Structures are given as C-alpha cells and as structure tokens.
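Participant: Okay, sequence plus prediction incoming.
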Amino acid sequence: MENRRIQAYVILLAVTLLLVPSEVVSAPLPREQQFIWLSDIHFDPLADPTLTDKLAGAEASQWQAIFASSSSAKLSQFGEDTNWPLFSSAIEVIGRTVPNPSFVMVTGDLLVHHFREHFNGSASVHDDAAFEDFVRKTTEFVGLQLKRIAASKPVLVSLGNNDADCGDYLLQPDGKFLHDTQPIVADLLKEPDSSVLSGWPEYGSYSVPHPVLKSYRIVAINTVLFSARFRNACGNGQGDPGEKLMSWLDAELAKAKKSHEKVWLMYHIPPGIDGFATTRHNGEAVPFWKVSYGENFDRLLSRYHDVIAASFAGHTHTDDFRLVGSPGQRRSLVLMTPAVSPVVKQNPAFRVVQFGRNGVLMDQVTYYLSSLETPEWKQEYSFDRAWGFHQINIKNFEKLYLRIDTSPEIRDRWSLFYSVSHPAGGSITQQSFWALHCASGHSTISEYQSCLSSHKADSAP
Ligand SMILES: [Zn+2]
C-alpha cells in the first residue's frame, strides 16, 4: 500500500514538474555555458505611426527615448509583429534570465513584414532614399538592443527573407542594404578581423571563429538566396547568387576541414519541405529551397558530415526541427527555434542553448510570453526534462520523431510545444499535423510524399 502511495506521489510530482512552467525566470541555469538564441524578431518601429517622422529625423541611438514617449505601452497582439513594448520586454527578461551568456545568435528576420507599405502609410517623406535610410536605422536599432543583452559578448546575425530594402525575398546581392549593414554586423560580431565579412556585400554571409569553442567556426549563410521564392528584382538580375553562395559555402567548409575545425551553421530558411505551404497546395510538397540547391546542399552535408557539428534555423516561427538528407544517406539535424514575433499566433519565445566545452549541445530551454496582456515571461520547457534526452543530436531527434509518430500522448505534447503553448493560434491542428510532422522527418519530396500518403487516413478532416 505504502509503496503504491509513494509511487503515485512520484508520478504526480513528475507530471506537475512537467506541466507547470516555473513562474520565475531569474534563476541562473546550472550547466556549463549557454548562448541566447532568437529568431524572427520582425521588429516594427511603425506600430505607433505618430512617431514615424520623429524616428526618421533622428539617429538610431535616439530611438529608444522616442519609443519611450509613446502614449501606448500595449504589447503586440496575435497577428501583429513585434512592437517596442514587446521587444524591450524580451530584451530585459533575457538579460535577467541569463546574465552572462557566451554570445547571442539571431537566425534572421530582424525587420517587420510589409515594411515599405507601412512606411509609405505613415512617413511624410517616403521616397526610396528615405525608406532605405529608415531600414538601415531600424537594423542598427535592433542591433543596439541585442547588444544590451550582454554588452561585452558578440551577437551573430544571419539574414531572413524580410531583411532587405527591396522587399520580401528580394535582397539585392551587392546592393545598398548589404553595404549599409556590413558595419552594423561587424560591430555586433566584435570581430577585429574585417576580412571575415568579405562575403557579406555579395551574399550576406560570413565565417567567424566560434566565440567560445576552440577549433570551431560559426558559418552564417543567407539561405534566402536558395529560396524558391527569391528574385533578384532590384539588382541587374544577372548570374545566380544562390549558386555562387553554394560555392562559397563549399570553400568555407573545405577550409575548415583542412584546418581540422568543426562548424556550426546558422541560417534563416531551413532546407527540406515547407509543411505549412504544403497544406495550402492540396498536400503537394512545397520545398523551401529550389530543388537543385537542396540537392547540392545534401551533397555538402554528406561530404562534410564530420565537419558540420550543428545547424540552427528559424523562419517558420514555430518550435520545430528538420532531419535532412537523401534516402540511404547519413542524415543531419537542423534545429529550429520559434519566433519573438506573434504574427503567426504562436506565443513569443526565446531559447537558451547549453553546450559543453567539447562542443556537445546538452540542452535547450525555451522561454515564452504566456499572455500578451502583461510582460510576464516563463520557462516553457527544457528539452532534457521534457523528453529525457541528455544531448541534442541527430540520434535523439530521430528517436523523438518516431515517438511523436507512435505515441498520441507524445504527439499532443509535441504539438503544444510546436505552437509555443498556444494551440488556439492554430499553427498545428489535427488536419495539418501529418503535413507538418512529415516535414520534420523527411527532407526530399519523394520521402515526404510517401510519409504523407502513409498517414492519409489519419489526417482526413
Ligand atoms: Zn519570419
């Protein structure tokens, strides 16, 4: 009897620990070293349009005071990008949660959606020059805020599809935006060797020594150039910037291999299948990248499987991952972190990743804003505690993928985390579950399509 009661108590305690997020975010995490990982900030400086002209007439360093003068302190709501009250609350809570991170990583989309339309709607002067200047200052301002997290530590940024002055998926290689942002990115990297940014003006990409780990590099690639939706509409339209970037990446990986270095890749748009877009195309697989780039990338992953130690991406705004590789090939893991912006109706989130001196990723802890009414952030879950894996690697994610497949209980919990604990936002539903889940585990069109058809009966509306 007694044993059974203890057993019941232990189960209850375990369930409680799992389900109740800790209320306080300030307790320092015990593990070796950690970095902050943000994605899809989509900062909207125009949320209070009465400030637009003042912002346009001031330097980025004066913007914080201008935002503070706004009569509205209301946080962004679901369906809106990140306004100043939301962004500043995230920056402050990150600084309190992890007072001394090793570095900050941002996997793209710093800028708000539909920036030009909103700017034209509220700025008195809104010609191209005025807009380009405003975009540069917004990027600089986001950088200044990211620096507040840990002033002495580097901030590594990769570009997203909205990070351009030409428009969504329209970054101009060697154009004004890339030239304007080079000093901003260099300043954030705290990298005295300016040659690390030699690939920036043309590709928006760079390769730097890892801020902490010896014999490791971080290679940030602008995968927007690989996207099926990318157009070089503001440039001369000549050449293939995606192909050039792929060769650049190949060369960087070869250099790392030659000097016995390992590489962490960071980028915005992941390889593989866009499960959400697929649900809108009658279940016909929509790849994120042009198919030829996906195949070239698979070849690089396999050629440099002993060099690429980890990959970090964003873009979908949800809490997801990708198992990447062609059939019969060694697969690799792409981690994906949810967005700060609640525009697709997941709760705003940021992540803390813990890693060892040997380069092993040990855990990732997700924090989220549980209500858009008050700026109270909470811990959502720790990968280790939620799933019982003590390391973040391909083997454990393959196991997790299968468990989501076979256990309804795990499937429900996974789906809850996928939406950053906001299931009402509809980012994953019973109808869309298999389209999204098959995309996590299968990166080629044929494998994805066969995963989908094997679950056809389960996903009938
Ligand atoms: Zn985004």
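Facilitator: It's in. Numbering: from 1, shown residues only.

Participant: Give the buried residues for stretch 65-80.
Facilitator: By 16 or more other Cβ atoms under 10 Å, the buried positions in stretch 65-80 come out as 66-67, 75-76, 80. For glycine as for every other residue, the C-beta is placed from the backbone atoms N, C-alpha and C.

Participant: Give the rounded mean pLDDT of the longest strand along the chain.
Facilitator: If you go by DSSP state E, the chain has its longest strand at strand 361-369. Across strand 361-369, pLDDT averages out at 97.

Participant: Quick check: pLDDT value at Leu12.
Facilitator: For Leu12, the pLDDT comes out at 43.

Participant: Show me what from this protein comes close to the ion.
Facilitator: Contacts of the chain with the ion, taken as Cβ under 5 Å from the ion, map to 40, 109.

Participant: Okay, Ala150 and the ion: tell me how far apart.
Facilitator: The spacing between Ala150 and the ion, counted by Cβ to the ion, to the nearest Å, is 24 Å.

Participant: which one is that residue nearest to, not counting chain neighbours?
Facilitator: Pro101 (5.4 Å; Cβ to Cβ, 6 or more residues apart in numbering).

Participant: Residues touching the strand or helix carrying Tyr293, excluding its own?
Facilitator: Per DSSP states H and E, Tyr293 falls inside helix 291-303. Residues from elsewhere that reach helix 291-303 (Cβ atoms under 8 Å, 6 or more residues apart in numbering): 226, 242-243, 246, 249-250, 253, 271-272, 287, 289, 308, 324-326, 329-330, 332, 443-445.

Participant: could I have stretch 215-224 exported to CSV, CA atoms only?
Facilitator: Written as CSV, here are the backbone C-alpha positions of stretch 215-224 (Å, rounded to 0.1, in the frame of the first residue of the first chain):
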residue,chain,number,x,y,z
SER,A,215,38.8,24.6,-33.3
TYR,A,216,35.2,25.5,-34.1
ARG,A,217,33.8,28.1,-36.5
ILE,A,218,30.3,29.6,-37.0
VAL,A,219,29.3,30.0,-40.6
ALA,A,220,26.3,32.2,-41.2
ILE,A,221,24.7,31.7,-44.6
ASN,A,222,22.0,33.7,-46.2
THR,A,223,19.8,30.8,-47.4
VAL,A,224,17.2,33.3,-48.7
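
Participant: buried ones in it?
Facilitator: For stretch 215-224, burial by neighbour count (16+ other Cβ under 10 Å) applies to 216-224.

Participant: ok, now stretch 142-160?
Facilitator: Neighbour counts using 16+ other Cβ under 10 Å place 142-147, 149-150, 153-160 of stretch 142-160 among the buried residues.

Participant: average pLDDT for that stretch?
Facilitator: On average, stretch 142-160 scores 97.
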